[in-house]
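Student: mind looking at a prediction? Sequence and model below.
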Amino acid sequence: MALNGQRRLERRWGWLMAVPAILGFVIFTAGPMVASLVLSLTDWQIGGTPAFVGAGNYTELADDELFWKSLSATTYYTLGAVPVALIVAFAVAMLLNQKVRGLPVWRTIFYLPTLVPAIANVVLWIWIFNPDFGLLNSLLRQGGLPAGMWIYDENMAVPSLIVMSTWGFGNTMVIFLAGLQGVPQHLYEAVSVDGGGPWHRFRHVTVPMMTPTIFYNLVVGVIGTFQVFNQAYVMTEGGPNNATLFYVYYLFRKAFRESEMGYASALAWVLFMIIVLVTFLLFRNARRWVYYEMAGAR
Amino acid sequence: MRRRQLLALSGLAALAAACGDEGSPNDVQLQFMYWGSTFEQKAVEKMLKSFEDSHAGAKVKALFTPDEYDVKLNTLVASGNVPDVGYVPMAMSYRLAEQGKLVNLFPYLTKYPQLAGYLSDAYLWYGRDQLHGVATANEIELLWYSKSAIKDAGIAPPPAEAGKAWTWDQLVSNAYRLTIDQNGKHPDESGFDPKQVRQFGISSSITYAAAWYGFLRSNGADFADEGGTRCLLDAPEAIEVFQNLQDLIYKHRVAPGPGQLAATGDDVPGTNILLKTKRVAMVVDGHWSLLDMNESKVDYGIGVLPKYDKPFTTSQVAGASAVFAGSKHVEKAVELFAFHLDPRYVDLYKLGLWMPQERKYYEDQAAIDSWTKNDSHPPEFRTAVVDYARDHGVPDLRVRLKNLQAINSDVLTPALQEIETGKRPAAEVLKEAAPKITSRMQGWHHKQKV
Amino acid sequence: MRGRVLLYLALIAGAVPTLVPFVWLVRSALMQDSQMFIAPPEWIPDPFQWSNFTQALTAQPFGRYFLNTVVIAVISVLGTVLTCSIAAFSFSRLRWRGRNVVFAVLLSGVMLPYAVTLIPTFVMWQELGALNTIAPLTVPSWFAGAGGGVLNVFLLRQFFLTIPFELDEAAYIDGASPWRVFWMVVMPLSKPALIVVTIFTFIGTWNDFLGPLLYLNDEEKYTLSIGLASFQSIYITQWGYLMAASAAVIAPIIALFFFLQRYFIEGVTLTGIKN
């Protein structure tokens, strides 16, 4: 009886408390999304009149060399950047969750790269990567090692940008740090009582208890990285020879440099479908490894 | 609401707005949209103020948009909120004109004689008797050099007169003298270490079209044929130009490789810094660098570009300025348009960022003095820039070739990057790229005498 | 003991590369442009160009921009934290039909590149008569961060899901309403996550450039990020000023992080509850 009452409460309040979010979606997000979907079926140059072309943009996409190129560059980048970011951020979060002197200072230091404005950061990295005058090659030459062309080499460009992206681990790290606060102490104590060392504590308590946060960072990392834009936009302009022609950068170029908004919308919806699919697979797969306190939350 | 949204998207809202009633003539409110640094911002604000002072009843609201200009302008166009007068990125201006979003200034040429007095290359035509604007400033490509680097090498400085311009071979041999590794050796000496170059002789961008277009023309080549429908970059003369540029880096080793940081003026750290720190002794870059040179007190000199046959430099390397259709006060907007390009009211000419578009500032001595006789302009400016621009300028591709934005980003830039990275010889790359470019070509823009 | 030494060594080893961008920014802020790009790099400004700061910060009305930015950031943070946690509570701890579908639909909003929704969104705000106001920059945050902010709902949901459900059950048995459970049980236990949302939202609004640029037309309404962008243009970049102003602009958010990170203290949430 009491349980039924609780269920009824949950149902009623569930909808009620979701109302702001649903309204927000309906008012601010759904309209523009639908508009872009409709536009993706038209040939629309900004300023002109849209002409309905059906699936024309989508069939055109299939023959667009640069579409495929940008899709593969982005996938390559995502496969590299997401795991690297997760591992680095998790390791740093573990480190910054220890009891050390000056913890606030350490934490702030490790978060700093995230706070440095993008333009300053980009200038720094252009200069680090510069083959002739750059920091990286000066260091390598001093060490007698072969210098590289970094972002100016077709094969090195994406890996170089992945390395650069590693400095942006701060936000992921902060989420892990917050997550670590939720790992119940008594579980650690239980492992210790059973004679388990630090590795056991990490493997059997920290990791399982952190799976919801790991999962979050994985999903958000994938969603965000598929839409990677900034480095291509301000650093490489998609070069050299389209090696870093990231998908959203290509889309942006179509949308605002060439004002081909119809085609850009089609590009966007293809990426949307890809991200939806990948996210769906991640959520489905999550049932196997993400641990929630609350059963039925999956 | 979705219906209204789509209506607005289709630009009908803009039309509706354009049909609105005119305000009273005593109360003229204009909007002027522009980009620029804080430096330019001050000069533009001052210009707008003097416009208000000299045009009773006119008020101008500035819409300062320091970055992402094309995103904002596209959004304003799509939503029917365009300003009255403003800068327009060259890639957008022709399209907006063809869509009827920009006022055809042709009828105003007779009414405002000042508008008829610009350099002929400055006019942006989109059809017969259809004029949508003027390049905001004239800019040309020059050979900047560090005086002390030249002196240390014991060579004559790059000539400041087009008639005496270096040949390409002279440029190369001088660049050899100016290139020094950490041990003081030149590239033609044994033991030269190309990995430890202290000072490069020259930097000239391969990917920035304005930097090489003058060379192309000087060698008797061009980007496209007369009809503007066939790309000629695979012609032997064109290949030679690009091969020479590639050779500067990989064969002669007198130029830094890609990422040379001085190509277009918005790269890091800028020509002024390269010359001041003597990382590079000579740099091909636009006239606008003058402001930076003076600001950072570089010991610089200005030379004309080396030549193949006839000396040429690329001119009109700037964005467009235009009057937007839908302005409720077109006459006043046209007046503001003329005003914002007038060296009498804009400090940016005297300070060395802009060159005038009015022909008299290149021909009439008093007019020339009015913008060049000051501390910002060195003595050689007259021959190396004023005369050079007037007699040897060929307009930038951006003001002439249709569909250049797509050509550039889809084919040309990636191809030029291949040349720049030295993986393949210019001939191979260009022979592959030319037909692809041809397939995207839509002809030259219309051109006519005023 | 050896463990402690290793720990500090690891911290130092990590701090060196993470400090490089920041140190580079600060030293650049104090340098003349010509020294900034010397190779090999110099780390000590010579001379110290303190005037970069005074010049940069007076080149634009940064005081006004600061206030404008604070107003937008504070309104956005309050709205996001409050409404996103309400929504996250519903999506994690209340069971109702269609919950997961609704959640998935909400989440899909961040999967479409903004470049193609930007113009329709702009037109929508125009229809609402809200151009040149801060409404487009703040109002969505009060609807569970509609747009990119919806990730906060997801984040909080993940955190809420790690809190033992027995706590809710117990409260319901005592006759509590879901709101009470949310406010008295879940929220107090979620401080670290709420701090994360606060930090992210604050920094996000602080650095947002495109939003203010698109929606604001009067210079007196501009924000810090627009002020920063004005040191860079197509023809010239005033590097010293740009770096100095950047350093000044991020100082408040560094301080904010420094003060808020103390909420990441082990065990604040659950110690004692299960025992």
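Tutor: Perfect, I can see it now.
Student: what strand or helix carries C:I38?
Tutor: Assigned by DSSP states H and E, C:I38 falls within no helix or strand.
Student: got the contact list for it?
Tutor: By CB atoms under 8 Å, 6 or more residues apart in numbering or on different chains, the contact set of C:I38 is B:T277. Where C-beta positions appear, they are placed from N, C-alpha and C, glycine not excepted.
Student: which residues of the stretch 301-450 of chain B lie near chain C?
Tutor: Proximity of the stretch 301-450 of chain B to chain C is confined to B:319, B:353 under the rule CB under 8 Å from any CB of the partner chain.
Student: okay, strands next: where are they in the stretch 301-450 of chain B?
Tutor: B:313-315, B:320-323, B:393-395 (DSSP state E, counting those that start in this stretch).
Student: quick check, the residue in the stretch 1-150 of chain A closest to chain C?
Tutor: As assessed by CB to the nearest CB, chain C sits closest to A:G24 within the stretch 1-150 of chain A, at 2.7 Å.
Student: so who does that residue touch?
Tutor: Listed by CB under 8 Å, 6+ apart, the contact set of A:G24 reads C:83, C:140, C:143-146, C:150.
Student: check for me that it belongs to a helix.
Tutor: Yes - A:G24: assigned to a helix according to DSSP: H, G, I helix; E, B strand; the rest coil.
Student: from chain B, how far out is it?
Tutor: To chain B, A:G24 is 16 Å away according to CB to the nearest CB, to the nearest Å.
Student: next up, the contacts around B:W168.
Tutor: B:244, B:306-308.
Student: list just the nearest of those to chain C.
Tutor: The closest of the contacts of B:W168 to chain C turns out to be B:P306 (CB to the nearest CB; 23.9 Å).
Student: what's the burial count for the closest one?
Tutor: By other CB atoms under 10 Å in any protein chain shown, the residues close to B:P306 number 27.
Student: so A:L177 touches C:F264, yeah?
Tutor: Yes - between A:L177 and C:F264 there is a contact under CB atoms under 8 Å: 4.8 Å.
Student: do you have the helices of chain C handy? List them.
Tutor: For chain C, the helices defined by DSSP state H cover C:2-29, C:33-36, C:51-59, C:62-93, C:99-108, C:118-127, C:135-138, C:150-160, C:166-173, C:178-180, C:191-207, C:210-215, C:224-229, C:239-260.
Student: now distance to chain A, pLDDT and neighbour count too, for the contacts of A:G24, in JSON lines please.
Tutor: Below are those laid out as JSON lines (distance: CB to the nearest CB, whole Å; pLDDT from 0 to 100; neighbours: other CB atoms under 10 Å in any protein chain shown):
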{"residue": "C:T83", "distance to chain A": "5", "pLDDT": "96", "neighbour count": "26"}
{"residue": "C:P140", "distance to chain A": "5", "pLDDT": "95", "neighbour count": "24"}
{"residue": "C:F143", "distance to chain A": "3", "pLDDT": "94", "neighbour count": "26"}
{"residue": "C:A144", "distance to chain A": "4", "pLDDT": "89", "neighbour count": "33"}
{"residue": "C:G145", "distance to chain A": "7", "pLDDT": "79", "neighbour count": "28"}
{"residue": "C:A146", "distance to chain A": "3", "pLDDT": "83", "neighbour count": "26"}
{"residue": "C:V150", "distance to chain A": "7", "pLDDT": "91", "neighbour count": "26"}
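Student: closest to B:S315 among these?
Tutor: C:P140 (47.1 Å; CB to CB).
Student: what is the helix or strand where A:A268 lies packed up against?
Tutor: With secondary structure defined by DSSP H and E, A:A268 is part of helix A:261-289. Using 3 or more CB pairs under 8 Å, 6 or more residues apart in numbering or on different chains; DSSP states H and E, the elements in contact with helix A:261-289 are helix A:31-39, strand A:42-43, helix A:56-62, helix A:207-226, helix A:247-252, helix C:99-108.
Student: list the buried residues of it.
Tutor: A:261-272, A:274-276, A:278-279, A:283, A:286 (16 or more other CB atoms under 10 Å in any protein chain shown).
Student: now stretch C:174-193
Tutor: Applying 16+ other CB under 10 Å to stretch C:174-193 flags C:176, C:178, C:181-182, C:185-187, C:189-193 as buried.
Student: same deal with stretch B:411-429?
Tutor: B:411-421, B:425-427, B:429.
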